[in-house]
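Chemist: for reference, the sequence and a predicted model appear below.
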Amino acid sequence: MTQSTVNSSPAHTTKTVRKDNWWLEPASIALGFTLFIIYATFRAFENNYYEINQYLSPFYSPKIILEFWKFSPAILVLWIPAGFRATCYYYRKAYYRSYFMDPPACGVGHGGGSSYCGETTFPFVLQNLHRYFFYMAALVVLWLWKDAFDSLFFQGQFTFSILSLVMFVNVVLLSNYTFGCHAYRHLVGGKLDCFSCTKASQTKHKVWQFVSKLNEHHMFWAWMSLFSVAFTDFYIRQVASGAYSPMRIF
Ligand code: FES
């Protein structure tokens, strides 16, 4: 689509001939995002109840303690997953529709002005940073795997609890979201003319097929991992504050 075609769209209101409840999906997404953002912001600034024994909240991991930093250590980490999700192809579609109404749904006029120019100008041109956020987010997810395994040991003793299980489920969901990323799919399978010519390209093909399977359900993993990371943090908060027990199984 050319620039002039994009700019010539006549609909600048949410007018539509659709008779279905088209607004339900963008409204639900806006509600879900808003609740998550409020909770994550509260937790990032709370700077308390994020760690107990071998359990560390994913909002605060990896834990970075700097002498000069007087604020919550979560702020030193959360910009990575926040930037990763904010520039994710799925989330972009979702919040352009739900928050900017640009447009809010298929076949519905957009609610913004007439100066739409895609992602070619500031600040939307920054969406191109997504691949770099992917590299950093992948490292954070690998660290969360370490946290999940660390949760199995307390004072050198193997211990397994419901909370460990929650941490493992969380990191599996986060991995499925992160490694189903479009940018990662291009990284492993792009720029190849032949998938079968060499051993290395055959291996790349296998990885690409696996990433493609995850990528098919990218929206699902995006939401599941969003819920799970908030729930895992909430569970650890409750345990750290003494409200819940980690429910040790053995
Ligand atoms: S496209 Fe969604 S995480 Fe990269």
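Modeler: Sure thing, it's come through.

Chemist: report the separation between the residue most central in space within the chain and Asp20.
Modeler: Computing the C-alpha centroid of the chain and ranking residues by CA atoms, centre = their mean puts Arg85 first, at 4.2 Å. As judged by CB to CB, to the nearest Å, Arg85 and Asp20 stand 29 Å apart. Heads up, the C-betas are built off the backbone N, CA and C, glycines and all.

Chemist: how about Val172?
Modeler: According to CB to CB, Val172 and Asp20 sit 35 Å apart.

Chemist: who has more neighbours, those two?
Modeler: Applying other CB atoms under 10 Å to Val172 and Asp20 shows that Val172 carries more neighbours, namely 16 against 9.

Chemist: for my notes, confirm the more buried one occurs in a helix.
Modeler: Yes. With DSSP: H, G, I helix; E, B strand; the rest coil as the criterion, Val172 is located in a helix.

Chemist: quick one, grab the pLDDT at it.
Modeler: Looking at Val172, its pLDDT stands at 98.

Chemist: let's number from 256 now, not from 1
Modeler: Understood, numbering begins at 256; the last thing we discussed is Val427.

Chemist: roughly how far does it sit from Leu469?
Modeler: The gap separating Val427 from Leu469 is 11 Å, by CB to CB.

Chemist: check which helix or strand covers the residue nearest to Leu469 when sequence neighbours are not counted.
Modeler: Nearest non-adjacent residue to Leu469, counting by CB to CB, 6 or more residues apart in numbering: Gly435, 3.0 Å away. Remark: Gly435 resides in no helix or strand, with elements defined by DSSP states H and E.

Chemist: got the contact list for Gly435?
Modeler: Neighbouring residues of Gly435 by CB atoms under 8 Å, 6 or more residues apart in numbering: Val466, Lys468, Leu469, Asn470, Glu471, His472, His473, Trp476.

Chemist: quick check: pLDDT value at it.
Modeler: 98.

Chemist: what do you get for Lys274?
Modeler: pLDDT recorded at Lys274 is 85.

Chemist: what is the neighbour count of it?
Modeler: 6.

Chemist: any buried residues in stretch 402-415, and which?
Modeler: Asp402, Ala403, Ser406, Thr414 (16 or more other CB atoms under 10 Å).

Chemist: what do you get for stretch 460-475?
Modeler: Buried residues in stretch 460-475, counted by 16+ other CB under 10 Å: His460, Trp463, Val466, Leu469, Asn470, His473, Met474.

Chemist: please apply the same query to stretch 329-342.
Modeler: In stretch 329-342, counting by 16+ other CB under 10 Å, buried: Ala329, Leu331, Val332, Leu333, Ile335, Pro336, Ala337, Gly338, Phe339, Arg340, Ala341, Thr342.

Chemist: can you tell me the closest non-neighbouring residue to the fourth one?
Modeler: What it means is Leu333. Ala299 (5.4 Å).

Chemist: please, which helix or strand holds that neighbour?
Modeler: Here Ala299 is assigned to helix 279-301, by DSSP H and E.

Chemist: quick check, distance from the helix or strand just after that helix to the centre of its chain.
Modeler: Toward the C-terminal end, the helix or strand that comes next after helix 279-301 (DSSP H and E) is strand 306-307. Centroid separation for strand 306-307 versus its chain: 23 Å, with CA atoms, centre = their mean, to the nearest Å.
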